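Trainee: Need coordinates for the below:
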Amino acid sequence: MESKIEVLSTVKIQASPDLYKVVDALNRTLKESDLMFGLALDKEDKNKAIFSIYRT
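Mentor: Numbering: from 1, shown residues only. Below is the predicted model of the structure:
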């Protein structure tokens, strides 16, 4: 069985210590809708985070 992940949107935002809580809540709430959310620190600017929305 092949699993494809499609990037729907990516945005660079100001990093915040509690931002991961929002991403966790979105993932827990919307996983049945085949949506997944990701968060990563920007490699070039550690004050920015990259928030991504995926369809699984």
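Trainee: which residues does the most centrally placed residue in the chain bridge with?
Mentor: Closest to where the C-alpha atoms of the chain average out (C-alpha atoms, centre = their mean) is Gly38, at 2.1 Å. Here Gly38 shows beta-bridge partners Ser52, assigned using DSSP bridges.
Trainee: Now do the same contact list for it.
Mentor: The contact partners of Gly38, taken as C-beta atoms under 8 Å, 6 or more residues apart in numbering, are Val23, Ile50, Phe51, Ser52, Ile53, Tyr54. (C-beta placed from N, C-alpha, C; glycine too.)
Trainee: Next one: it from Lys21, what distance?
Mentor: Between Gly38 and Lys21 the distance is 14 Å, computed by C-beta to C-beta, to the nearest Å.
Trainee: related to what we said a few turns ago, which members of the contacts of Gly38 define the maximum pairwise distance?
Mentor: Across the contacts of Gly38, the longest distance by C-beta to C-beta is 12.5 Å; it joins Ile50 and Tyr54.
Trainee: Just the strands from the protein, written as ranges.
Mentor: With DSSP state E as the criterion, the chain has strands at 6-14, 35-41, 48-55.
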